[in-house]
Structures are given as C-alpha cells and as structure tokens.
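Asks: sequence first, then the predicted structure:
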Amino acid sequence: MLKRVHFGPSLLPFLLVAPQIAVTLIFFMWPAGQALYQSFLIEDAFGFSSEFVWFENFQVLFDDKYYLSAFKRTAIFSLSVAGMAMGIALLMAAMVDRIIKGVMAYQTMLIWPYAVAPVVAGALWVFMFDPTLGIFAYALNTVGYDWNHKLNGDEAMALVVFAATWKQIAYNFLFFVAAIQSIPKSLIEAAAIDGAGPLRRFWTIIFPLITPTTFFLLVVNIVYAFFDTFGIIHAITQGGPAKATEILVYKVYNDGFIGLDLGGSAAQSVILMGIVIVITVIQFRYIERKVEY
Amino acid sequence: MIENRPFVTVLAHLTLLLGVAIVAFPIWITFVASTHEAVRMTQIPLPLWPGDQFFSNLKTVLFEGVGGSNATPVWLMMMNSLIMAMMISVGKITISLLSAFAIVYFRFPFRMGFFWMIFITLMLPVEVRILPTFEVVANLSMLNSYWGMSVPLIASATATFMFRQVFLTIPDEMLEAARVDGAGPMRFFWDILIPLSRTNIAALFVILFIYGWNQYLWPLLITTDSGYFTVVMGIKQMLDSAEQAPDWHLIMMTALLAMLPPIIVVLSMQKMFVKGLTETEK
C-alpha cells in the first residue's frame, strides 16, 4: 500500500487529496446519504410535507408486481446482451487468432462501435427498424413478417438487445483477443502435434484458459446492461410498449423524474446501489483469488 | 501459424468479414442516409447507396440545426460536448493523480480512511444516484453550467485506483535518488512520476474522453438552456420531434457528427487505447 520509502507527515498530502475528497463528499456521499434518507420518507406530490415511514417504501416496492417484473425483465435483458455480445466477440477473437494477414485491419473495423454513444446507437437502430421506413422492417416485410416494435413488446425488447449488443461487441473482442494471445503457443503446438484439430484445441485448451477473462467480462457486461443502456432504451422505446422494455435503471428515472414518486425512486436507487456493491465485492474477491496463484 | 489448413483460414476470413459487415452496416446506413435529400428519405425502400446531398446537409445541420427555426445549431452542441468531455477527462486525471500520489507516497493521519472513502465510489455509476445528485447540484445552483455538467461525473475512483497501481510499480530507488539530489515532493511528482506514467495518462484520457463525450442522462437532466445542449442529447430531441415529420437525413447527419470525434480519438490512439483498456480495467 504505502511505499517503503515515503515522505513524512506534513500538510501537503491533505492538500493533495483535498480536491478528490471534496468532490467525493459533495457529489457522492451527500447524494447517496440523501437517497438513503429519502427512501424512508413518503412525501406528498407538492413537497410540502413528508413523513418518516421506515421500510414502507421498500415494502411497497416488493409488493408491486410492476417492480418485480422489471427485475425479471432486467435479468432477461442483461443476460441476453451479455450472452450475445460475448459469444460474437469470442467467435471473432478466435478467428482473428487463426489468421496472419490483416489482423490490425479487422481489429480497427471491429472496435469503433465502442466509441458510439448509447443514444446514438439507439438512434441508428431505431432508424433501421422504423416500422414504416426502416430498411430491416422493409426487408422483413417482403418476406412476410410484419415488424412493429412500437406495438409488439417482444420485438421492442429484441431491438434494444440488438442495439446494446452491437455496442458492446468491441469491448469484449479486445479483451478476448488479449486473453487468447497471452496463451503460450507451445501448449497449442503440443496439442496440434498430438493430433487435435482447431475446434478441439479451442474447446479443450483455449476456452478453459481464458475463463478468468470470460468471468471478468460477464461481470462487466452485466453492469453495462444494467446501467449504461439507459440511453439506448430512452432513444428506442422509452420503456414501452406497455413497459415491455422498462429495466430497473429506467424505472428509477421514470418514477423519480416523470412520476415524481421521490421516496419510491430513492428506495429503488438504494436497491440498485446494493446490487452494484454486491457485484463489485464478487469481482474483487475473484481478482484477489487470481492474484494468489 | 501452427499448421497449414487453407480451408480453416478462408473460413476465418469469411467469418471476420461477416462480423465486420454486421458491425459496420448500421454506420454505413447512417452515412448513406446523411447524403440524401428529405424527399428521398420518405420513399420506400430507403437507399443503400450514397446520394449527392452530403455537403448541403452538413451545412444545414451545422449552422441551422434540426427541428425548426429555434433549433440549436449542431456546431454549438459539439462545442458543448467537447468542453464537457475535456473538463471531465482533464479534471478526473488531475485530481486522481494528486490523490494517488498522496496515498502512495505520504504517511499521514486518516490515510486509509481517505483511501476507502474514494474506493467506495469505484463502481457506482451516476445513473443510480441520479435524483439526489440532481438535487445537490440544484442546491448549489450549478444547473445550466459546464461545472454542473462535468464535476459530478468526476466523482469516481477508477482513475485514482489505476494511478495507485502504476505508482506502486515505480521502483523505490527513484525517490531515494531524487531525495539525494535534493528534490522536494512536488518536484519529484512533476519531474519523475508524471513522465513515468505518461502512457497510462494518455490511455486513460482516451477512455475518459469517450465517457465524457457520450454522457447523456446527466446533461439531459441538468440543462434547460439550449445554449448548453450537447450533441448526444440533441439527437434524442430530434428523434422526439421526428414523431410528426421525420428529418431522417438531418438526424443521421447529426448522428454521424456525434460519433465522429470519439471514433477519431479511438482510431488515432488505437494501440494506446487497447493497451490502456485491457491492462487498466482488470
């Protein structure tokens, strides 16, 4: 933690940490505390009076079938996004490992969606699937499928999953490439000499050896799908039709800013913070374990 | 290459080309849409090949904006995005360098307390505490200001954590030598620590610039004055107004402009970005 050789106590270190501590206190601790406090209050719609109600907000949430279905929806959404984005990325990374020429060109072509903002990604996909104009909606129509994500909840969910996956492939791809490249070539060569074909080598050597990366990416992808996809959903469906794409983070925004249910929204924030802390702890325990061997 | 299997190599190239096509197709469609005139964009099927209106659309979007006479011109929104992205990346790198320096190189009371206080913010995105943070910023009357748009997003420990790791790998002899030569703490920081962590700073800059440029919900909530709108939120407003009359050619031109700067940053610093991403976030 601390360097063996270090500077003694003085005022300087306090000055050095002061900006970060100030920002953390004002824009992190204060709001987080506020959220915690508010989650125990019920306020009337005009903000004139509020009443301390202990855990009633949480109780209401867990009795609310809309909240529980938002939980389920979030799980479906994030697992689909993580599964698809990681699957495609792993396939691409394994293929890049096979070739000699053009690795850099493929990499360049595959990584740019990382730089595209979620809302912009949403705009692109909503344009391509626009029920009246979109190019894919048109193509689907010519083969006899009537696409309308504005009316059909499952199609809306599929569309946000596509857009979110498209954006996340680049990130996963870079990590998988780095992981596959770090496997000693001698292992693969030994297996090849023993007569194992490319597919067999992938499943019995490469795939088991990149498990740490896969696990890390799973956590990152789930966090991504939980929180960073707000823009995609806001641009494409706004949680609709009939709440079919309203995931937890969208509900916090919707109940708080649109519905003005401050207590309920704060309680949801607290639950989300709890989820993030659990995910962080899991990830750190895993990193620690990896450091040990 | 371990063995010569032409068939597998061809298959690999084909799969990759297919992947590239899937990834690039939406961007191609965006580009194509931005090169046609309004009338063409209402006829089914939409074009797959570029037209000749690119520059006239570019001019309209940049200087007049989309959505009527009181629309914000896109050049102004891009300026705002740039200012916000720069403030977030420069601000976060600066305060993180300073606090990581203090935590690694100084013994002082509450050192671990400070470390944990920063550490706790590691993975909590602003979306989660959005409403209370909004109230805090409103109380400080920072709505509709560049400070309000950027400073709350700086409150996260990822960068501090990374610089701490970097500093821990710098040999102790560096400080001993600097001390023998009579350098004080700040001199050591400027002349030795900063130059030694230059690549990490650059990689982090790329990541933070993209993070800052792509911010959406936060600027959307705290700006009501159109002079502060960023281009990323501008697109959403254009989509909303498109319910009646979709100006897809102009919206897609704006989308193109909105993704251009981060893509340029990523591609021009690709090596450093890849290294920074895969090595720091683990």
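Replies: Received, thanks. Numbers count the residues shown, from 1 in each chain, chains lettered A, B, ... in the order given.
Asks: what's the pLDDT at the residue nearest the centre of chain A?
Replies: For chain A, the residue whose C-alpha lies nearest the mean C-alpha position (C-alpha atoms, centre = their mean) is A:Y224; its distance is 1.2 Å. We note a pLDDT of 86 for A:Y224 in this prediction.
Asks: what's the nearest residue to residue 275 if we skip its chain neighbours?
Replies: Just so you know, I chose chain A. Setting aside the residues directly before and after it, A:I275 is nearest to A:F226 in space (C-beta to C-beta, 6 or more residues apart in numbering or on different chains), at 7.3 Å. For glycine as for every other residue, the C-beta is placed from the backbone atoms N, C-alpha and C.
Asks: looking at chain B here, not the other one
Replies: With C-beta to C-beta, 6+ apart as the measure, B:A203 is the residue that lies nearest to B:K275, at 6.1 Å, once sequence neighbours are left out.
Asks: SS state for the one you found?
Replies: Assigned by DSSP: H, G, I helix; E, B strand; the rest coil, the conformation of B:A203 is helix.
Asks: contacts only, for it.
Replies: Taking C-beta atoms under 8 Å, 6 or more residues apart in numbering or on different chains as the contact definition, B:A203 lies against B:M269, B:M272, B:F273, B:K275, B:G276, B:L277, B:T280.
Asks: next: A:A178.
Replies: A:A178 is in contact with A:T213, B:V274, B:T278, counting by C-beta under 8 Å, 6+ apart.
Asks: just the element for the last one, please.
Replies: In other words, B:T278. Assigning secondary structure by DSSP states H and E places B:T278 in helix B:270-280.
Asks: starting at the chain centroid, how far to that helix?
Replies: Centroid separation for helix B:270-280 versus its chain: 15 Å, with C-alpha atoms, centre = their mean, to the nearest Å.
Asks: mind checking the pLDDT average for it?
Replies: Over the span of helix B:270-280, the pLDDT mean works out to 73.
Asks: now do stretch A:78-87
Replies: Averaged across stretch A:78-87, pLDDT comes to 93.
Asks: now swap in stretch B:79-96 and tell me
Replies: If you average the per-residue pLDDT over stretch B:79-96, you get 92.
Asks: which outside residues touch that stretch?
Replies: Contacts of stretch B:79-96 from elsewhere in the structure, counted by C-beta under 8 Å, 6+ apart, are A:19-20, A:23, B:146-147, B:149-151, B:153-154, B:156, B:159-160, B:162-163, B:201, B:204-205, B:208-209, B:211-213, B:215, B:219, B:227-232, B:258, B:261.
Asks: which residues of chain B fall in strands?
Replies: In order along the chain, chain B carries no strands (DSSP state E).
Asks: now it, which segments are flagged as low pLDDT?
Replies: Scanning chain B with the threshold set as pLDDT under 70 gives B:1-2, B:39, B:41, B:65, B:67-70, B:122-128, B:241-246, B:279-282.
Asks: tell me where the longest helix sits in it.
Replies: helix B:74-105 (DSSP state H).
Asks: show me what counts as buried in it.
Replies: Under the neighbour-count criterion of 16 or more other C-beta atoms under 10 Å in any protein chain shown, helix B:74-105 has B:74, B:76-78, B:80-93, B:95-105 buried.
Asks: report the distance from that helix to the chain centre.
Replies: In terms of C-alpha atoms, centre = their mean, the gap separating the centre of helix B:74-105 from the centre of its chain is 10 Å.
Asks: where does pLDDT dip in the stretch 1-150 of chain A?
Replies: Low-confidence regions of the stretch 1-150 of chain A, defined here as pLDDT under 70, cover residues A:1, A:43-50.
Asks: against chain B, how distant is A:R201?
Replies: With the distance defined as C-beta to the nearest C-beta, to the nearest Å, A:R201 ends up 9 Å from chain B.
Asks: surely that residue touches A:A192?
Replies: Yes - counting by C-beta atoms under 8 Å, a contact exists between A:R201 and A:A192, whose distance comes to 6.8 Å.
Asks: name the next helix or strand downstream of the helix or strand containing A:I88, please.
Replies: Under the criterion DSSP H and E, the helix or strand holding A:I88 is helix A:65-98. Under the assignment DSSP H and E, the closest C-terminal helix or strand after helix A:65-98 is helix A:103-111.
Asks: what is the burial count for the closest residue to B:A138 other than its chain neighbours?
Replies: Closest residue in space to B:A138, ignoring its immediate chain neighbours: B:I222 at 7.9 Å, by C-beta to C-beta, 6+ apart. If you count neighbours by other C-beta atoms under 10 Å in any protein chain shown, B:I222 ends up with 19.
Asks: so what's B:I222 up against?
Replies: Contacts for B:I222 (C-beta under 8 Å, 6+ apart) come out as B:F134, B:V137, B:A138, B:M142, B:L143, B:N144, B:G148, B:M149.
Asks: who's in contact with B:T224?
Replies: Contacts here follow C-beta under 8 Å, 6+ apart; on that basis B:T224 touches B:L143, B:N144.
Asks: equivalent analysis for A:M92, please.
Replies: Taking C-beta under 8 Å, 6+ apart as the test, what A:M92 contacts is A:Y106, A:L110, A:I169, A:F173, A:F176, B:T15, B:L16, B:G19.
Asks: what's the distance between the nearest residue to the first one once chain neighbours are set aside and A:L209?
Replies: Once flanking residues are discounted, A:Y106 sits nearest to B:L16: 5.1 Å by C-beta to C-beta, 6+ apart. When C-beta to C-beta, to the nearest Å is the yardstick, B:L16 and A:L209 sit 22 Å from each other.
Asks: so which of these two has more stuff around it?
Replies: Between B:L16 and A:L209, B:L16 has the larger neighbour count (other C-beta under 10 Å), namely 23 against 16.
Asks: my guess is that one contacts A:A94. True?
Replies: No - counting by C-beta under 8 Å, B:L16 does not reach A:A94; the two are 10.2 Å apart.
Asks: and the helices in the stretch 101-250 of chain B?
Replies: Per DSSP state H, counting those that start in this stretch, the stretch 101-250 of chain B has helices spanning B:111-119, B:130-139, B:146-154, B:158-168, B:172-180, B:185-188, B:194-196, B:198-213, B:217-222, B:231-241, B:248-268. These are given in chain order.
Asks: make JSON lines out of these and add distance to A:L159.
Replies: What follows is the helices of the stretch 101-250 of chain B, written out as JSON lines (distance: least, C-beta to C-beta, whole Å):
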{"stretch": "helix B:111-119", "distance to A:L159": "38"}
{"stretch": "helix B:130-139", "distance to A:L159": "24"}
{"stretch": "helix B:146-154", "distance to A:L159": "28"}
{"stretch": "helix B:158-168", "distance to A:L159": "31"}
{"stretch": "helix B:172-180", "distance to A:L159": "54"}
{"stretch": "helix B:185-188", "distance to A:L159": "54"}
{"stretch": "helix B:194-196", "distance to A:L159": "46"}
{"stretch": "helix B:198-213", "distance to A:L159": "24"}
{"stretch": "helix B:217-222", "distance to A:L159": "20"}
{"stretch": "helix B:231-241", "distance to A:L159": "14"}
{"stretch": "helix B:248-268", "distance to A:L159": "17"}
